[in-house]
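quick one, structure for this:
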Amino acid sequence: MNICFWKHEIGIFEVTFLQPIKTPPPEPGFSRAHAVAWDWLPSPDQAIMNTSVSCLHVPSSRPATGIAGLLVAMLVLVGCTPMESGSGASTSAASAPASPAQATQFNSVHFSAPLSVAVDPLLDPTPTEDSPGFLTWSAKDDDNNRVRFMVPAEYYPGGKSLAAPPPADYTAYLEGLASAGVTYSDTKSVSVGGTTVPVMTATTSRAMDGALGCPTIGADQSEGCYGFQPEYALRIAVINLGSIKGVLVWARTDSAQPNQAFLQQFDRMLETVRTR
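Purely as a prediction, here's the structure:
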């Protein structure tokens, strides 16, 4: 049989029989191998962690007293001593996984549609802008990934050169852009403040400056307004916040290699939006 000693990297250990072990020890006698390097399987109730393992192949004919002595030798081999009972620490407590990063609750200050939202841990918790028409965050690990809220003051329909007041039905307007070259995918429904709204991923093969809108009247179409661009994939939704209708909310990521985890966090974040 194979007797194995399993040690957590944090220093807590157990002496156990691991069954099944798919391969025997690589050589006779004592051998040490990292759990990742040596193909072994713990029983279902054992947590798989970054561990080290020391095993000994013991012939079934070996006396029990000899096995006990070998186990003691294995403890010496890995340089550990048993933890004293009553020390206040336990294997289960020490091996518990760390708590996942928590979202940060944010309340807008200047945004004209007062809101609260749980900012996902992937984002910097402090927005890069909180103005009456625009609210935006950047991702911690990639400044190219951003989440934006906008109350449009005007827009450039389909990216054309003349500005107009925002459409009465922004969702219908966006869906209509499919005939102008915008491709929508991965559409699903999410609940925002008790109202179900569609959220979808949009890409385009041509620039459509200002097609989403501008946070202020008279903003430059290409520099101060927002639209669809070939280099970006936008995960977008239209929501209502109190008396403010047609608030655009979207996440931006690279269109060639979209960050799916970032787009997924946007869906989660969207469901936490509440009016204040």
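
so what's the predicted local confidence for the nearest residue to residue 109 once chain neighbours are set aside?
Counting by Cβ to Cβ, 6 or more residues apart in numbering, the nearest residue to residue 109 once its immediate chain neighbours are dropped is residue 130, at 5.4 Å. (C-beta placed from N, C-alpha, C; glycine too.) Here the pLDDT value assigned to residue 130 is 98.

so what does residue 130 look like in phi/psi?
The phi/psi pair for residue 130 (degrees, to the nearest 10) reads phi -140, psi 90.

isn't residue 214 right next to residue 165, touching?
No. With contact defined as Cβ atoms under 8 Å, residue 214 does not count as touching residue 165 (11.1 Å).

more neighbours, those two?
residue 214 (24 against 10; other Cβ atoms under 10 Å).

quick one: low-confidence ranges for this protein?
Scanning the chain with the threshold set as pLDDT under 70 gives 1-101.

kindly recompute the last result at 90.
Applying pLDDT under 90 to the chain flags the ranges 1-102, 276.

and residue 204, how far from residue 177?
For residue 204, the distance to residue 177 (Cβ to Cβ, to the nearest Å) stands at 8 Å.

about what we covered before: quick check: neighbours shared by residue 214 and residue 165?
Shared contacts of residue 214 and residue 165, defined by Cβ atoms under 8 Å, 6 or more residues apart in numbering, comprise residue 154.

is it true that residue 170 touches residue 238?
Yes. In terms of Cβ under 8 Å, residue 170 counts as a neighbour of residue 238; the distance is 4.5 Å.

shared neighbours, the two?
Applying Cβ under 8 Å, 6+ apart, one finds that residue 170 and residue 238 are jointly contacted by 246, 248.

kindly check the end-to-end length of stretch 130-144 for me.
Distances were taken as Cα to Cα, to the nearest Å; on that basis the terminal residues of stretch 130-144 are 18 Å apart.

now stretch 171-183
Taking Cα to Cα as the criterion, the two ends of stretch 171-183 lie 14 Å apart.

buried residues in it?
Buried residues in stretch 171-183, defined by neighbour count with 16 or more other Cβ atoms under 10 Å: 171, 173, 174, 177, 181, 182.

you'd agree the fourth one is in a strand?
No. When DSSP: H, G, I helix; E, B strand; the rest coil is applied, residue 177 is found to be helix, with no strand at that position.

please enumerate the strands of the stretch 151-276 of the chain.
Under the criterion DSSP state E, counting those that start in this stretch, strands of the stretch 151-276 of the chain are mapped to 182-192, 195-204, 208-213, 226-228, 232-241, 244-254, 274-275.

and residue 114, which of those is closest to it?
Distances from residue 114 to each of the strands of the stretch 151-276 of the chain were compared using Cβ to Cβ; the shortest belongs to strand 274-275, at 6.6 Å.

strands paired with that closest one, and their directions?
Taking DSSP bridges as the criterion, strand 274-275 forms sheet pairs with strand 115-119 (antiparallel).

which residues are in contact with the partner strand?
Applying Cβ under 8 Å, 6+ apart, the set of residues contacting strand 115-119 from outside is 103-108, 125, 137, 149, 241, 269, 272-276.

neighbours around the residue nearest to residue 109, how many?
Using other Cβ under 10 Å, residue 130 has 17 neighbouring residues.

residue contacts, it?
Residue 130 touches 108, 109, 110, 111, counting by Cβ under 8 Å, 6+ apart.

mind putting those in TSV, distance to residue 192 included?
Supplementary listing: those in TSV, determined by distance: Cβ to Cβ, whole Å:
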residue	distance to residue 192
108	15
109	21
110	21
111	15
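
show me which of those residues are buried.
Taking 16+ other Cβ under 10 Å as the criterion, what is buried in the contacts of residue 130 is 108, 111.

in a markdown table: the contacts of residue 130, plus secondary structure.
Shown next, in a markdown table, are the contacts of residue 130 (three-state DSSP):
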| residue | secondary structure |
| --- | --- |
| 108 | coil |
| 109 | coil |
| 110 | coil |
| 111 | coil |
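
my guess is residue 178 contacts residue 184, does it?
Yes. Counting by Cβ under 8 Å, residue 178 touches residue 184, with 6.2 Å between them.
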